[in-house]
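S.K.: everything below, folded, please.
(one chain, ligands or ions: 1)
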Amino acid sequence: MNVCKVNCDASVFENEQLAGFGCIIRDSMGIWIQGCSVSIPLFSILCCELHAIWRGLVMAWDCECKEVICETDNLDVFLLVSRGATRMIRNDSDLLDKIKEMLQCNWTTTLVLIQRTANRAADLMAKTAVFNKQRLKQENISGSEREREMETGKGTVKAVALIVGDNNVKGSIHFLHQSNGTTHVSGRITGLSPGLHGFHIHALGDTTNGCNSTGPHFNPLNKHHGAPADHHRHAGDLGNILAGPDGVAEISITDSQIPLSGVHSILGRAVVVHADPDDLGRGGHELSKTTGNAGARVGCGIIGLQSSV
Ligand SMILES: [Zn+2]
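M.R.: Reported below is the predicted structural model:
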């Protein structure tokens, strides 16, 4: 890839001692190539922002970008990295050296300071990482608190996942919490081979190594793989989607096991589309009971809270 753009942002929740950062790589057409959503121990804001920039640059390098525009909305980081400002908080200098090393690689790099609103997608990825971590902490809280969390989680929660993948696979999937407790999944994925493709929620919202780092099917109840209507299924088993001769799959699924709130929330996890049909656990293949033998992961996206605008 020749030209690409990297957005980086960090998010710090000081009260809860949590922090995270997010990066998004786009090509010259603005298409999402890769992203990351990573929680880290609470450092200074500046240090978290430096983590974001460093990871973003490493990812862009791995994507073979030859000319990269790296965008941050943090003035301190911008001055520190691009203008050689000397304001330094302890422990940040190693990270700054690593970033400078990346900048001196055999490529063209430009660091650009942008408005916070223009960096919203990377901010969402950073917050998603923090929310994920927060939920892991909350899973250790008592039963009654858990129930209260479920109650207050109800409402019109909306989420979105932008699908990026092999070759030309792309699309967007929307998730809407409905008053009867189900979640409606809708959207469109293009660039698929015609036919059926396994379609699942995977456990992790991590695309550091593309779709391969999204983990197994989301399975909080420790069951075997199955069809959406089966009693024994992974929560993440959404069956198959059908791509027409033009490679386009239109998706409209209602499911009761993929809530957007509570302890089994799918926020911060990933939606994955596979190369082959999901045999719904019935194929007799050694992988039928774990993955439906649906083959490679040709596209995926991290499920994050949807912007209200
Ligand atoms: Zn499954």
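S.K.: which residues touch whichever helix or strand residue 172 is part of?
M.R.: Using DSSP states H and E, residue 172 sits in strand 170-177. Residues outside strand 170-177 that contact it (C-beta atoms under 8 Å, 6 or more residues apart in numbering): 31-32, 154-164, 183-191, 249, 251, 258-261, 266, 271, 299, 301, 303, 306. Where you see a C-beta, it was placed from the backbone N, CA and C, and this is true even at glycine.
S.K.: direction included, what does it pair up with?
M.R.: Note on strand 170-177: by DSSP bridges, its sheet partners are strand 158-165 (antiparallel), strand 183-190 (antiparallel).
S.K.: okay, that strand in PDB with CA atoms only?
M.R.: Presented in PDB, the C-alpha positions along strand 170-177 are these (Å, rounded to 0.1, in the frame of the first residue of the first chain):
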ATOM      1  CA  LYS A 170     -16.100  -4.600   3.600                       C
ATOM      2  CA  GLY A 171     -19.300  -3.400   5.100                       C
ATOM      3  CA  SER A 172     -21.000  -2.200   8.200                       C
ATOM      4  CA  ILE A 173     -23.200  -4.000  10.600                       C
ATOM      5  CA  HIS A 174     -25.600  -2.300  13.000                       C
ATOM      6  CA  PHE A 175     -26.900  -3.700  16.300                       C
ATOM      7  CA  LEU A 176     -30.100  -2.400  17.900                       C
ATOM      8  CA  HIS A 177     -31.300  -3.300  21.400                       C
END
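S.K.: buried stuff in it?
M.R.: 170, 171, 173, 174, 175, 176, 177 (16 or more other C-beta atoms under 10 Å).
S.K.: could you find the closest non-adjacent residue to the third one?
M.R.: Which is residue 173. Nearest residue to residue 173, sequence neighbours excluded (C-beta to C-beta, 6 or more residues apart in numbering): residue 187, at 3.8 Å.
S.K.: residues near the one you found, how many?
M.R.: 21 (other C-beta atoms under 10 Å).
S.K.: does it really touch residue 248, like I thought?
M.R.: No - the pair residue 187 / residue 248 is not scored as a contact, 11.0 Å apart, by C-beta atoms under 8 Å.
S.K.: the ion contacts on this protein?
M.R.: With C-beta under 5 Å from the ion as the criterion, the chain comes near the ion at residues 217, 225, 234, 237.
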